[in-house]
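> Sequence first, then the predicted structure, then my questions.
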Amino acid sequence: MLTVTIQEAQAQLLDLIHGLHDGDEVVITDNDQPVARLARTESRNEWPCQAGSAKGRIWMSPDFDAPLDDFREYME
């Protein structure tokens with residue numbers, strides 16, 4: 001875990017952010033007291049699902065959205 005002062009963080013923010021790897025953390029201090037934590041978030045590019053990836057794996061009955069017999073009297 002890297003610790004930097006607010007002044008150092010302001011001067012090097014872009015480098016600090018680009019230097020972060022999964023699990024890395026930077027603690028920002030002011031007067032030797034921790035005031036903030038900078039951590040890497042999960043990138044949307046790493047999302048495991050792709051649109052349409054379940055195609056052909058899910059089956060739905062042809063009458064899936066047909067009215068239920070229990071509610072037929074309310075539909076008339």
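That came through fine.
> got any ranges where this protein has weak pLDDT?
Applying pLDDT under 70 to the chain picks out residues 42-47.
> can you pull out the strands in it?
With strands called from DSSP state E, the chain shows them at 2-5, 25-30, 33-39.
> which strands and helices sit next to the first one?
Contacts defined by 3 or more Cβ pairs under 8 Å, 6 or more residues apart in numbering; DSSP states H and E place strand 2-5 against helix 6-18, strand 25-30. For the C-beta atoms, the positions are set from N, CA and C on the backbone; glycine is no exception.
> Relative to Q50, which of those is closest?
In terms of Cβ to Cβ, the element of those nearest to Q50 is helix 6-18, at 27.0 Å.
> Could you pull out the buried residues of that closest one?
Within helix 6-18, the residues that count as buried by 16 or more other Cβ atoms under 10 Å are 9, 16.
> so can I have a markdown table of the helices and strands packed on strand 2-5 showing distance to A66?
Shown next, in a markdown table, are these (distance: least, Cβ to Cβ, whole Å):
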| stretch | distance to A66 |
| --- | --- |
| helix 6-18 | 54 |
| strand 25-30 | 54 |
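> rewinding a little: if we compare the strands of the chain, which one ends up closest to Y74?
strand 33-39 (53.3 Å).
> Pick the most buried one from the strands of the chain.
Greatest average neighbour count among the strands of the chain goes to strand 25-30 (a mean of 16), per mean count of other Cβ atoms under 10 Å.
> and the angle from it to strand 33-39?
Relative orientation of strand 25-30 and strand 33-39, computed by axes from the mean of the first three to the mean of the last three Cα atoms, to 10 degrees: 150 degrees.
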